[in-house]
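Chemist: just need the structure, nothing else, for what follows:
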Amino acid sequence: MKHLIVPIDDVIPNRWNPKKPKSSELKKVSNSLESFGQCAPVVCRRMGDKYEIIDGEQRWRAMKQAGAREISIIDLGEISDKDAISLTINMQDARVEFDKVALGRLLKEMNINAPSKRIPYKKAEIDLFNKLANKWAETPEGICKHKFVEVTICSICGKVLKK
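Modeler: Numbering: from 1, shown residues only. Now for the predicted structure:
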């Protein structure tokens, strides 16, 4: 395993990625890259004279769109299709969703009440996280006794949907 900086045109997407590109997600990744640069390398395997993406296709797409000439990668060397596909699935599945109450507290601590390029959430999401942080106030005995309702937020319109 090696960390490398390679020409972006030497990196190619894989054929099996189960996660389809979404313009809203790509926009979030682009905003993050614009604000902070490439903080995480793209994980790849060696395929002849190219590097095939195992994890990080959205970062690669956003950097290509931004006109980057080079990209930071982790080269896993020559590994089998089976191992590469397994890694793609496991690396995506291993990502853990944020605790919405803790996230609300962080946004509140940073005094964030509106969307920005630095924070990848819509106004409705920020409002919900702040509301949850207010509702679930810490007490000396622990979390307060308000009933918590798990919700889902529509990524298109931002509407809060109860589960």
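Chemist: domain ranges for the chain?
Modeler: Structural domains of the chain, as assigned by automatic domain parsing, span the residue ranges 2-93, 100-162.
Chemist: wait, what's in contact with the residue nearest to the spatial centre of the chain?
Modeler: Taking CA atoms, centre = their mean, the centroid of the chain lies closest to Val29, which sits 7.0 Å from it. Applying CB atoms under 8 Å, 6 or more residues apart in numbering, one finds that Val29 lies in contact with 58-59, 61-62. Quick note: C-beta positions are derived from backbone N, CA and C, even for glycine.
Chemist: hmm, try it at 10 Å
Modeler: Val29 is in contact with 56-63, 65, 120, counting by CB atoms under 10 Å, 6 or more residues apart in numbering.
Chemist: need the domains of the chain in JSON lines (columns: mean pLDDT).
Modeler: As requested, the domains of the chain are exported to JSON lines (pLDDT from 0 to 100):
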{"stretch": "domain 2-93", "mean pLDDT": "89"}
{"stretch": "domain 100-162", "mean pLDDT": "70"}
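Chemist: let me know the secondary structure of the residue nearest to the centre of the chain.
Modeler: Under DSSP: H, G, I helix; E, B strand; the rest coil, the three-state class of Val29 is helix.
Chemist: can you map out the strands along the protein?
Modeler: Counting by DSSP state E, the segments of the chain that form strands are 2-7, 11-12, 42-47, 50-55, 70-75, 138-139, 142-143, 151-153, 160-162.
Chemist: those strands: which one's closest to Ser86?
Modeler: Minimum separation from Ser86 across those (CB to CB) falls at strand 50-55, 9.5 Å.
Chemist: that closest one pairs with which strands, parallel or anti?
Modeler: According to DSSP bridges, strand 50-55 has the following sheet partners: strand 11-12 (parallel), strand 42-47 (antiparallel).
Chemist: doesn't Lys117 make contact with Glu34?
Modeler: Yes: checked against CB atoms under 10 Å, the pair Glu34 and Lys117 is within contact range at 6.3 Å.
Chemist: re the thing from before, among the contacts of Val29, which ones are buried?
Modeler: Applying 16 or more other CB atoms under 10 Å to these, the neighbour count classes 56-63, 120 as buried.
Chemist: distance of Ser23 relative to Ser72?
Modeler: To Ser72, Ser23 is 24 Å away according to CB to CB, to the nearest Å.
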